[in-house]
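Visitor: I need the structure of the sequence given here:
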Amino acid sequence: MRRATLAPRLAAGLGLLGLLATAAGCGTTASGGSGGDPVTLHLGYFPNLTHAPAIVGVSRGLLARALGSRVTLRTTTFNAGPAAIQALLGGSLDATYVGPNPAINGFIASHGGALRIVSGATAGGAELVVQPDEGITSAADLKGKKVATPQLGNTQDVALRSWLAARGLHTDPQTGGDVRISPTDNSTTVQLFKQHQIDAAWVPEPYAATLVDTAHGRVLVDEATLWPGGRFPTTELVVATSFLNAHADVVRGLVQGNLDAIGFINADPAQARAAVNDALLQLTQKKLDTTVLDDAWAHLVFSPDPIAGALQTEVRSAHDAGLLASTDIKGIFDLHALDAVLQAAGQPAVGDAGLGS
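Guide: This is a model prediction of the structure:
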């Protein structure tokens with residue numbers, strides 16, 4: 001087992017929210033409604049524990065119930081955020097669960113027109129894991145080494161580049177730099193790590209726990225230690241602006257379903273872990289080992305708060321890494337639907353750090 005995590009302290013205030021959100025979801029009519037023309041909502045998410053609200057929401061029907069009978073929910077899974085955002089920008093997705101950096105990339109690439117973050121979902125759950133027998137104890141020891149991330153420009157990729165830069169190591173998306181960063185599918189990363197073909201990986205859960213518990217990896221950096229209070233967003237709920245403008249009621253239903261899923265997770269974590277693992281079996285044909293599941297879960301906090309203030313840091317990090325041409329993300333949040341469903345659950349609104357539309 002790994003060292004104690006910051007997640008229990010972060011989760012301490014979420015129990016009441018979980019109970020209220022679950023009660024609100026069970027006691028209200030579907031926010032999407034049953035009247036009006038039929039609508040199909042195309043939703044993306046990842047088969048990762050960091051997307052547990054999506055996995056639970058889909059597998060237990062919480063999203064479909066909140067959306068209402070006139071909304072048909074179609075889902076697609078992705079390995080990492082840039083591919084999901086590309087699908088949203090291309091029009092094949094209406095909404096997706098995704099990390100903050102791909103959301104930022106899509107917002108800037110579309111000059112602020114294509115998408116809005118409408119809710120948070122998950123915080124925490126990303127670590128830099130290194131081979132146990134290569135003497136890697138600091139950033140300096142990674143010079144000349146090969147380090148995997150899920151995809152160029154995804155949230156963990158940016159976090160790694162920022163952490164290295166702060167310690168005097170240069171990386172370049174084109175030429176490599178001091179550290180060879182290798183964007184790699186998460187499942188492939190696990191195999192390469194076990195074969196000692198990579199030296200380290202900055203990955204989300206459950207892959208970080210898998211590297212530690214099944215491949216004897218050692219955590220060099222728990223990303224939670226790099227943020228004030230250990231709070232950083234890992235998964236946000238993003239909606240295409242065109243869909244939001246055309247179907248605001250459906251988006252409110254989606255946000256309600258997300259809140260219901262988070263409520264279910266926080267009200268009964270053991271049942272939630274089992275539900276997520278069963279769903280992962282359907283999605284990936286493989287369940288997580290119980291030790292890996294429990295270890296990974298301890299690093300995650302599930303909350304609708306998008307931790308908006310952190311995005312200013314995220315965008316500066318991506319810009320400094322040469323992955324963004326601009327740092328202007330004013331208008332990236334539209335939290336009107338979230339504030340409405342939180343108010344209905346007796347909870348205060350969350351802040352948008354001045355980045356609301």
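
Visitor: Every contact and neighbour count from this point should use C-alpha atoms.
Guide: Fine.

Visitor: Can you identify the helix in the protein that spans the most residues?
Guide: Counting residues, the longest helix in the chain under DSSP state H turns out to be helix 248-267.

Visitor: buried sites along that helix?
Guide: For helix 248-267, the neighbour count (16 or more other C-alpha atoms under 10 Å) marks 248-267 as buried.

Visitor: Then stretch 126-144?
Guide: A126, E127, L128, V129, V130, Q131, P132, I136, A139, L142, K143.

Visitor: Excluding chain neighbours, give the residue nearest to the most centrally placed residue in the chain in space.
Guide: Nearest to the geometric centre of the chain sits T235, at 2.1 Å (C-alpha atoms, centre = their mean). Leaving aside its sequence neighbours, T235 sits nearest to G99 (C-alpha to C-alpha, 6 or more residues apart in numbering; 4.5 Å).

Visitor: Tell me which other helices or strands the longest helix of the chain touches.
Guide: On a contact count with 3 or more C-alpha pairs under 8 Å, 6 or more residues apart in numbering; DSSP states H and E, helix 248-267 meets helix 14-27, helix 52-59, helix 62-67, strand 115-124, helix 269-284, strand 300-302, helix 336-344.

Visitor: Now for the residue nearest to T235, how many residues are close by?
Guide: 28 (other C-alpha atoms under 10 Å).

Visitor: Could you break the protein into its assigned domains?
Guide: Listed by automatic domain parsing, the domain ranges of the chain are 7-123+231-344, 126-229.

Visitor: What helix or strand is the nearest residue to P206 once chain neighbours are set aside located in?
Guide: Leaving aside its sequence neighbours, P206 sits nearest to A296 (C-alpha to C-alpha, 6+ apart; 5.3 Å). Using DSSP states H and E, A296 sits within helix 290-297.

Visitor: picking that back up, reformat the helices and strands packed on helix 248-267 into TSV and put distance to R161, mean neighbour count and mean pLDDT next to each item.
Guide: Formatted as TSV, the helices and strands packed on helix 248-267 follow (distance: least, C-alpha to C-alpha, whole Å; neighbours: other C-alpha atoms under 10 Å; pLDDT from 0 to 100):
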stretch	distance to R161	mean neighbour count	mean pLDDT
helix 14-27	32	19	40
helix 52-59	26	26	97
helix 62-67	35	26	98
strand 115-124	18	29	98
helix 269-284	29	17	95
strand 300-302	22	28	97
helix 336-344	32	19	96
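
Visitor: And the ones you listed: which comes nearest Q195?
Guide: Closest of the helices and strands packed on helix 248-267 to Q195 is helix 269-284, at 21.6 Å (criterion: C-alpha to C-alpha).

Visitor: which SS class is T40?
Guide: strand (DSSP: H, G, I helix; E, B strand; the rest coil).

Visitor: Let me know the secondary structure of the closest residue to it other than its chain neighbours.
Guide: Distances taken as C-alpha to C-alpha, 6+ apart put T72 closest to T40, at 4.6 Å, once the chain neighbours are dropped. Following three-state DSSP, we place T72 in the strand state.

Visitor: What residues does T72 make contact with?
Guide: P38, V39, T40, L41, A64 (C-alpha atoms under 8 Å, 6 or more residues apart in numbering).
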